[in-house]
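Chemist: compute the structure for the input listed below.
(8 chains, ligands or ions: 10)
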Amino acid sequence: MTIVFQKTRGLTDVETHYCPGCTHGIVHRLVAEALEELGVLDMAIGVAPVGCAVLAYKYFNCDMHEAAHGRAPAVATGIKRVRPENFVFTYQGDGDLASIGTAEIVHAAHRGEKISTIFINNAIYGMTGGQMAPTTLVGQKATTAPYGRDEAHCGKPIRISEMLATIDGAKFVERVTVTSPAHVRKAKKAIKECFKVQIEGKGFGIVEVLSTCPTNWGLTPTEALKWLEDNMIPYYPLGNFKRPEEVE
Amino acid sequence: MTIVFQKTRGLTDVETHYCPGCTHGIVHRLVAEALEELGVLDMAIGVAPVGCAVLAYKYFNCDMHEAAHGRAPAVATGIKRVRPENFVFTYQGDGDLASIGTAEIVHAAHRGEKISTIFINNAIYGMTGGQMAPTTLVGQKATTAPYGRDEAHCGKPIRISEMLATIDGAKFVERVTVTSPAHVRKAKKAIKECFKVQIEGKGFGIVEVLSTCPTNWGLTPTEALKWLEDNMIPYYPLGNFKRPEEVE
Amino acid sequence: MAQAKPKIRGRVTFNEDICKGCGLCVQACPVNIITLDNSKINAKGYHPATVTDMDKCIACASCALMCPDVVITVERL
Amino acid sequence: MAQAKPKIRGRVTFNEDICKGCGLCVQACPVNIITLDNSKINAKGYHPATVTDMDKCIACASCALMCPDVVITVERL
Amino acid sequence: MAKVLMKGNEAIGAAAIEAGCRYFFGYPITPQSELPEYMARELPKVGGVFLQAESEIAAINMVYGAAGAGARVMTSSSSPGISLKQEGISYIAGAELPCLIVNIMRGGPGLGSILPSQTDYFQATRGGGNGDYRLVVLAPSNVQELVDLVIEGFDIADQYRNPVMILGDGMIGQMMEPVELRKPKQRELPPKDWATDGTKDKRKPNIINSLYLAAEELEAHNQRLQEKYKKIMENEVKVESYNIEDADVVIAAYGTISRIAKTAISQLEKEGYKVGLIRPITLWPYPYDEFEKINDKCKGILTVEMNTGQMVDDVKIAVKGKFPVYFHGRTGGMVPTPDEIIDKVKKIYGGEI
Amino acid sequence: MAKVLMKGNEAIGAAAIEAGCRYFFGYPITPQSELPEYMARELPKVGGVFLQAESEIAAINMVYGAAGAGARVMTSSSSPGISLKQEGISYIAGAELPCLIVNIMRGGPGLGSILPSQTDYFQATRGGGNGDYRLVVLAPSNVQELVDLVIEGFDIADQYRNPVMILGDGMIGQMMEPVELRKPKQRELPPKDWATDGTKDKRKPNIINSLYLAAEELEAHNQRLQEKYKKIMENEVKVESYNIEDADVVIAAYGTISRIAKTAISQLEKEGYKVGLIRPITLWPYPYDEFEKINDKCKGILTVEMNTGQMVDDVKIAVKGKFPVYFHGRTGGMVPTPDEIIDKVKKIYGGEI
Amino acid sequence: MEERIIIAGFGGQGVMAIGQLLTYAGMIEDKNVSWLPSYGPEMRGGTANCSVVVSTEAVGSPVVVSPTSAIVMNKPSLDKFEPAVVEGGRLFINSSLVDRKSNRDDIEVYYVPANEIANELGNMRVANMVMLGAYIEASKTVSLESILEGFTKVFGEDKAHLLPLNREALEKGAEVVRNQLATTV
Amino acid sequence: MEERIIIAGFGGQGVMAIGQLLTYAGMIEDKNVSWLPSYGPEMRGGTANCSVVVSTEAVGSPVVVSPTSAIVMNKPSLDKFEPAVVEGGRLFINSSLVDRKSNRDDIEVYYVPANEIANELGNMRVANMVMLGAYIEASKTVSLESILEGFTKVFGEDKAHLLPLNREALEKGAEVVRNQLATTV
Ligand SMILES: Cc1ncc(C[n+]2csc(CCOP(=O)(O)OP(=O)(O)O)c2C)c(N)n1
Ligand SMILES: Cc1ncc(C[n+]2csc(CCOP(=O)(O)OP(=O)(O)O)c2C)c(N)n1
Ligand code: SF4
Ligand code: SF4
Ligand code: SF4
Ligand code: SF4
Ligand code: SF4
Ligand code: SF4
Ligand SMILES: [Mg+2]
Ligand SMILES: [Mg+2]
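Modeler: Numbering: from 1, shown residues only, chains lettered A, B, ... in the order given. Ligands and ions are numbered 1, 2, ... in the order given. Here you go, the predicted model:
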């Protein structure tokens, strides 16, 4: 009798406040597993965002900072510069990273900060009740886009991975999702590879995870998975955009 | 006897405060000429940055706003949303646009704001006395990089045009320089084409101008032109990165 | 009926108290043995997931991989 | 000596008071007729640019295109 | 117009539209998000523009641009978001542009909480940004007054070319009360001939700016600002007071907390205590003079706030040592109860504090 | 150590390094850029890290990260840049992290100018950010004191786990004076066992945070903060005063302006006037008590500032109406002269104002 | 007259909505009213509550600390608000979901099997209206007609077709109270 | 003794540097000193000036408004600071670049052809040192030796080889003053 799957030591025992079926929870687990499996949990310092993952500092079983909205990469920079021997990661939503925190993520990448970022793209501001994000799809409704996002009014959604991949210091950029066990496995692989880029001192790494927000999308958790696959993946193609050459 | 060249009505009679040989002056003139020649001078509203061009509001012969450091694209957005019939442009340096104002320029592009941006990349903070910019070349000295920019410490310079070109709402992106009469002519052409993108309501446009800062580079004006050609152009390739398909 | 090849068998355990009844495991199970137990409401107010026919479990861990709340432990027997 | 073809001739005028003596026009002139007048200091404290041999000017406006301070007006005669 | 039941945040939106505001730039944050959401729904219906900015900083700078272009424009946020706007607010004040800024305060410092508080009093009244500037700060105590002050706020902003802030707490943003949209007293508003809308070759360029490199010029600019502020102090003070000519104890409280104070006062009156109230409606300009009217036998002033005692400074300045100044405050989302206030007042009566 | 002649901005850097500061995150702005430039040159020599952030906001959040990770860290800026840091400062105060923040003030509001001013007194002492927090605010009047306060400032920050601000004007940043780097009085500093450096599987995770979602928890947190602030008010007030037991007029001034006041005072003394001085060195905690020592026959307090009168509020609070409070200020980069002060004092003597 | 009401339950049970309805009805009857939701951290997936004040005087505090009436739709809400009700006040318990009795004997307590009644009416979502019906019957704070008048204001014109169902729910709730009063008296 | 000096000229004429030198020398002689540059908008391409105070008492204001001495290296500086010099004070004019005479008769005025002297010494850049030499000769604020002692502190050790040239410049400046005093007396 062997245990095929059990809870990772990388998570605390605190129950999360996430809504039922929210894939934030899946990603938390993958990050925690990666920390554990790569042997860096005990030297990890995580930075939680402002967003639904604001309480991530209670969930990851390592030292944590709660950052101001959007500023996690700057906070992580401060930490990493003081503690280059530690493993430093940020966990951020699309409002946090792709909107208010644009300058901070771009410049963490630009400087090649040796930190790793997990970027939860759920095409919405979850925490604050479903406002439009820069990643909200055209036509998708949000409380601040009640008639659906209108391209003529505020453009097409921004593709962060594609944008960051143009920056030299960003050494690992990949977009994944977690809508099925197979995708979950791939996502984990990407997260681990991304983390290794930091561990090996190569530079900045980011994994964008297409994620669901059943609550604010107004869908059941399983409907939300399907909506993501049908609508988000076509616009946000999955795949690796960049990895250090040696790893390729 | 015909006049081949004379001062454009797009400039006021105020003498600029720019250092001798600083190419800010050339770009000012090109912008002003473009405004005049496209017939939008009288309906233009410009936004000056914080940087050496801070006093641009005295030099352009049209309505002007002085913006906070980095925020010109947001200010321009506010203006353009109120006055869609007017022509709105920003004029920004690399500290202003590529550092503190990263989020604002990315999101003006992302929303496809119908504004035009002139981006002066001189690889330095001119106004404040020669500190490092995100665009400072590796090895280049600056007062805050006294031993030369070190890639291991803060990465390679950021290429803004390449980055913005990945954003859908950015409809025109071109990099030019003004180191010779031929380049000046090309730069003017790019500026006019960029402005037309706004006039035709197609979206956001930006022209990046590789520019000199003789004072803070510690070179004579003519040495500075050469330094730019020898060092900046190889890293920042000139050319068009994006134009609306119909124009192509 | 085809000859059954030696089948992997598994056991899944649910930490019912923290299940949020989201149903992601239900959808993920390739052998369709998980359901939400509508007859129960756990402390959090949800119908927790449960396995109807443990014998069919192939220990694939798909359910666990999809569970956002780390409710599930999977063993191979 | 080759037969001179009908040459374009030009005249440039410098608004000397506002010249900053940067020399960009000097370098730009294809026929090398501009210099900085070291014998003069203008109100701003610079040696202003001046043309040594106006007859050679071909009205190409290269000088004006490069002048950051719009000091120069170019006419074709 | 008939009364309707409205949530404070939405009422702000309705009032702004009623006041002719057609431009809103904001960024979501609890507990004020219903306001941008309302504007997103309603502004397009009246030909206006709602734009969600990429950040609070972008939002306030969009407001700067829009105000400079001559629009009636507003933004809103809550405490941490307002902190981010400080540079922009300073620019707007420096460039003398009219606009309305709403702060629906929550607990602090830092991320704090999303529950109601009054903890940004200092920031609002003293300027959290750089430089000697002032906002007109309006502190409504109920949703009707909120609506009235929003509508009048736009006029005040235009009259003085000055940013106006509505300072509410999470409670007033979230609560529903009956409201009526009604016009304020008519003011004569100067034309916006300074606004940028293109010279059309008919006038000299208009310039929106707060930079004055020469010391003499910047000083002259500051003197102009101070003269304007003096005028505002003379003309725009708003205060409600109750029974201060006769009270033994006077409570000073603003915003929703003043209502709780009133409940406490009427309870205390039933028990025979004489308790007055000074409720500043404008927090800047502050109604210092009102405190002069307090009768000499008053035993003390009790300031009640949902913070650790910020208005206390202004009360102290107002009373000039004539009366002792006491304080009762709750923080973090805790709301002072009438009983707590009653208890404190009785202690003042009894000389226990 | 021998005295050396140093520019204020560079002296701050030298003092910080002397104090063990090894991390600096900043962004250029006049008139403080010599400080980051100095750090860029010098920190690498001592194994430290200078990093130019992409903005003031990034810089203060890097400081937040570095301080949370246990480092002695500092940032600096000037007025508009400090406005941008307000949210970050509020977070740092909320999370109770030690750090040093330098504001070399320039003229405002908005972009204002690059010339010296004292126009961010309110922002520094009242908190320009959200929430009930306080910075320890140190206002040096000469470069030696600047150096001493920077060195002690790091200790104060560590002792109380609180951000400390050095509030100087452009003048002190730009001027050169002889300085000596000397150690302050020894303090017992608590261990930074709360810092994040990885659990190493030996302890529970350390968490750096300012969020307390439940009202009770946030209130308890605020009470803890207030208790700490009380302790600081009891222990850390610094003030210089001169002749206040005997003076007919007392001048209140801080920073470089106090020197000009001193020049005026010695001139006035020669002419037979009795003029005292209160120079707050800590602007928060404010030396309110010092004003109690002013003799009863004093005709008034003249506050002199390079702004439109911000410390005046604290002086009024301090004197509780006992003395009239006068003000003389210059703005925009204009510096009050001894003659102006002398003139004002004489007018107070003569009852002309 | 000042009624200070707390209405509490799980998110999704419609406690906010009946609070608003009650407030609207009060306004229609020209009373002074206020409604204040809890919007704290307990919101997500947890319990929700709102404070309603209906008064003939100006409303003082919109925060109800000591309610004159409490309507509790689930057990956590009962535990939380039962002790707060003023002496002589009223407590309305959704007995479908709450299995215990109140242990206050100084207040009027009504047990309303709201979910069961709603179920009988064919729509579980009107359990809240059943509770509201019970409340107005016992308290007479506003009339049933005023509630119905406010219905489309709160829920929108497109919900007008649900009026009959909701009227029935309100009446069933009122009936429970009448019956209970009849038995206790 | 309190000397309040303003040193002014075009950017690039080295007025900041001689200000610092003088300050350093004062410090070496255990006097109280301060140096404050102008760093305003006039900086770029325009004129520059600094305030130096050397005093036996603590330095009050580092801003010099009414200088006891002014050293002006060009005409705009003369125009600006001539009226400010206190009665009985000293004014040092770089007569190489300034073609007019002072119109004050209540102060000591020295005309120093600094550029010409520097030119003779083979290095235009020491014109400032000529002026400084003149100043210390007339004022005796600090000794020439102290100035030289401070030289490498201000300009760096790698400029030590320039010491002889600079000493010469200082002495030439002093000579001008001595000669002028000789003629006037
Ligand atoms: C400065 C500031 N602005 C706004 C907020 C309010 N706020 C909290 S979370 C959030 C958005 C979160 O959205 P996202 O980053 O996409 O995360 P999600 O909740 O979707 O996971 C906002 C705007 C804040 N706390 N601070
Ligand atoms: C908020 C803020 N931060 C910093 C500054 C100081 N500052 C003025 S100009 C400038 C940099 C300008 O560099 P750049 O944008 O490259 O323009 P350039 O002068 O090179 O043309 C800075 C940092 C400021 N005024 N405001
Ligand atoms: S609101 Fe959306 S993103 Fe947030 S926890 Fe709920 S489902 Fe997840
Ligand atoms: S400092 Fe540089 S960029 Fe600025 S005006 Fe001078 S040369 Fe141009
Ligand atoms: S392990 Fe696989 S087979 Fe077993 S219950 Fe889970 S998903 Fe179904
Ligand atoms: S996925 Fe997890 S939380 Fe969701 S129903 Fe299954 S066991 Fe419960
Ligand atoms: S127009 Fe051409 S030829 Fe004539 S001076 Fe200018 S550059 Fe020379
Ligand atoms: S380019 Fe213009 S400013 Fe420069 S030297 Fe020639 S004329 Fe003068
Ligand atoms: Mg999101
Ligand atoms: Mg630049």
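Chemist: please count neighbours and contacts with C-alpha atoms only from this point.
Modeler: OK.
Chemist: how about A:G101: what's its closest non-neighbour residue?
Modeler: Closest residue to A:G101 apart from its sequence neighbours, by CA to CA, 6 or more residues apart in numbering or on different chains: A:G70 at 3.7 Å.
Chemist: over to A:G129?
Modeler: A:N216 (6.5 Å).
Chemist: of all the residues in chain C, which one is nearest ligand 2?
Modeler: Ligand 2 sits closest to C:P68 of chain C, with a gap of 42.3 Å, by CA to the nearest ligand atom.
Chemist: you'd agree that residue is in a strand?
Modeler: No - looking at C:P68 with DSSP: H, G, I helix; E, B strand; the rest coil, it is coil, so not inside a strand.
Chemist: isn't it up against A:H17?
Modeler: No - with contact defined as CA atoms under 8 Å, C:P68 does not reach A:H17; the gap is 11.1 Å.
Chemist: assumed A:A182 was part of a helix.
Modeler: Yes - assignment of A:A182 by three-state DSSP places it within a helix.
Chemist: per-residue pLDDT, it?
Modeler: Looking at A:A182, its pLDDT stands at 98.
Chemist: burial measure for it, as a count.
Modeler: For A:A182, the count of nearby residues is 13 (other CA atoms under 10 Å in any protein chain shown).
Chemist: now do E:V275
Modeler: 25.
Chemist: now E:M105
Modeler: E:M105, neighbours per other CA under 10 Å, totals 32.
Chemist: ok so, going back, tell me which of C:P68 and A:H17 has more neighbours.
Modeler: The residue with more neighbours, out of C:P68 and A:H17, is C:P68; 27 against 19, by other CA under 10 Å.
Chemist: show me the contacts for that one.
Modeler: By CA atoms under 8 Å, 6 or more residues apart in numbering or on different chains, the contact list for C:P68 reads A:G21, A:C22, A:T23, A:H24, A:G25, A:I26, A:V27, A:R29.
Chemist: the residues you listed also near chain C: which ones?
Modeler: Among those, the residues within reach of chain C (CA under 8 Å from any CA of the partner chain) are A:G21, A:C22, A:T23, A:H24, A:G25, A:I26, A:V27, A:R29.
Chemist: most neighbours of all these, which one?
Modeler: Neighbour max across these (other CA under 10 Å) = A:T23, 30 neighbours.
Chemist: does that one touch A:V178 like I think?
Modeler: Yes - at 7.2 Å, A:T23 counts as touching A:V178 under the criterion of CA under 8 Å.
Chemist: shared neighbours of these two, which are they?
Modeler: Contact criterion CA under 8 Å, 6+ apart; residues shared by A:T23 and A:V178: A:S211.
Chemist: tell me which element the spatially most central residue of chain G falls in.
Modeler: In chain G, the residue lying closest to the centroid (CA atoms, centre = their mean) is G:L132, at 4.1 Å. Using DSSP states H and E, G:L132 maps to helix G:127-139.
Chemist: got the buried residues for that helix?
Modeler: Residues of helix G:127-139 classed as buried: G:A127, G:N128, G:M129, G:V130, G:M131, G:L132, G:G133, G:A134, G:Y135, G:I136, G:E137, G:A138 (neighbour count, 16 or more other CA atoms under 10 Å in any protein chain shown).
Chemist: also stretch E:43-57?
Modeler: Judged by neighbour count using 16+ other CA under 10 Å, the buried positions of stretch E:43-57 are E:L43, E:G48, E:V49, E:F50, E:L51, E:Q52, E:A53, E:E54, E:S55, E:E56, E:I57.
Chemist: show me those that map onto helices.
Modeler: Under the assignment DSSP state H, those contribute E:E56, E:I57 to helices.
Chemist: from the buried residues of stretch E:43-57, which is closest to A:T143?
Modeler: E:Q52 (11.0 Å; CA to CA).
Chemist: is it true that that closest one touches E:Y27?
Modeler: Yes - under the criterion of CA under 8 Å, E:Q52 makes contact with E:Y27 at 5.7 Å.
Chemist: need the overlap of contacts for those two.
Modeler: E:P36, E:A59.
Chemist: are we agreed that E:F291 is in a helix?
Modeler: Yes - using three-state DSSP, the assignment for E:F291 is a helix.
Chemist: could I get the phi/psi values of G:G156?
Modeler: phi 100, psi 150 (degrees, to the nearest 10).
Chemist: so, low pLDDT: which residues of chain A?
Modeler: A:246-248 (pLDDT under 70).
Chemist: tell me the residues of it that contact chain E?
Modeler: Chain A comes close to chain E at residues A:68, A:99-100, A:128, A:131-132, A:134, A:143-147, A:154, as judged by CA under 8 Å from any CA.
Chemist: rewinding a little: and the furthest pair within the contacts of C:P68?
Modeler: Longest span within the contacts of C:P68, CA to CA: A:G21 and A:R29, 13.6 Å.
Chemist: before we move on, back to that, how near is the residue of chain C closest to ligand 2 to A:T12?
Modeler: Distance from C:P68 to A:T12, counting by CA to CA, to the nearest Å: 14 Å.
Chemist: quick one, phi psi at the residue of the stretch 201-350 of chain E at minimum distance from ligand 10?
Modeler: For the stretch 201-350 of chain E, the residue closest to ligand 10 is E:L211, as judged by CA to the ion, at 19.3 Å. Backbone torsions of E:L211, given as degrees, to the nearest 10, read phi -100, psi 130.
Chemist: for B:E15, see how far away it is.
Modeler: E:L211 is 18 Å from B:E15, by CA to CA.
Chemist: cool, E:N103 as well?
Modeler: In terms of CA to CA, E:N103 sits 43 Å off from B:E15.
Chemist: then E:K228?
Modeler: Distance from E:K228 to B:E15, by CA to CA: 33 Å.
Chemist: okay, and the beta partners of the residue of the stretch 201-350 of chain E closest to ligand 10?
Modeler: Per DSSP bridges, the residues bridged to E:L211 are F:G112.
Chemist: OK, contacts around it?
Modeler: Contacts of E:L211 (CA under 8 Å, 6+ apart): B:E66, E:L218, F:G110, F:L111, F:G112, F:S113.
Chemist: quick check: pLDDT value at it.
Modeler: For E:L211, pLDDT reads 97.
Chemist: if we can go back for a sec, turn the contacts of C:P68 into a markdown table, including secondary structure.
Modeler: Converted to a markdown table, these look like this (three-state DSSP):
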| residue | secondary structure |
| --- | --- |
| A:G21 | coil |
| A:C22 | coil |
| A:T23 | coil |
| A:H24 | helix |
| A:G25 | helix |
| A:I26 | helix |
| A:V27 | helix |
| A:R29 | helix |
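Chemist: quick check: A:D150 vs A:A142, distance?
Modeler: Using CA to CA, A:D150 is found at 11 Å from A:A142.
Chemist: related to what we said a few turns ago, show me what the helix holding G:L132 is packed up against.
Modeler: Applying 3 or more CA pairs under 8 Å, 6 or more residues apart in numbering or on different chains; DSSP states H and E, one finds that helix G:127-139 contacts helix G:15-28, strand G:90-94, strand G:108-112, helix G:114-120, helix G:163-184.
Chemist: quick revisit: look up how far E:V63 lies from the residue of the stretch 201-350 of chain E closest to ligand 10.
Modeler: With CA to CA as the criterion, E:L211 and E:V63 are 18 Å apart.
Chemist: check A:T177 too.
Modeler: A:T177 is 38 Å from E:V63, by CA to CA.
Chemist: among these two, which residue is more densely surrounded?
Modeler: The neighbour count for A:T177 versus E:V63, taken as other CA under 10 Å, is higher for E:V63 (34 against 29).
Chemist: test my guess that that one contacts B:T77.
Modeler: No - if you go by CA under 8 Å, E:V63 and B:T77 don't touch, sitting 9.2 Å apart.
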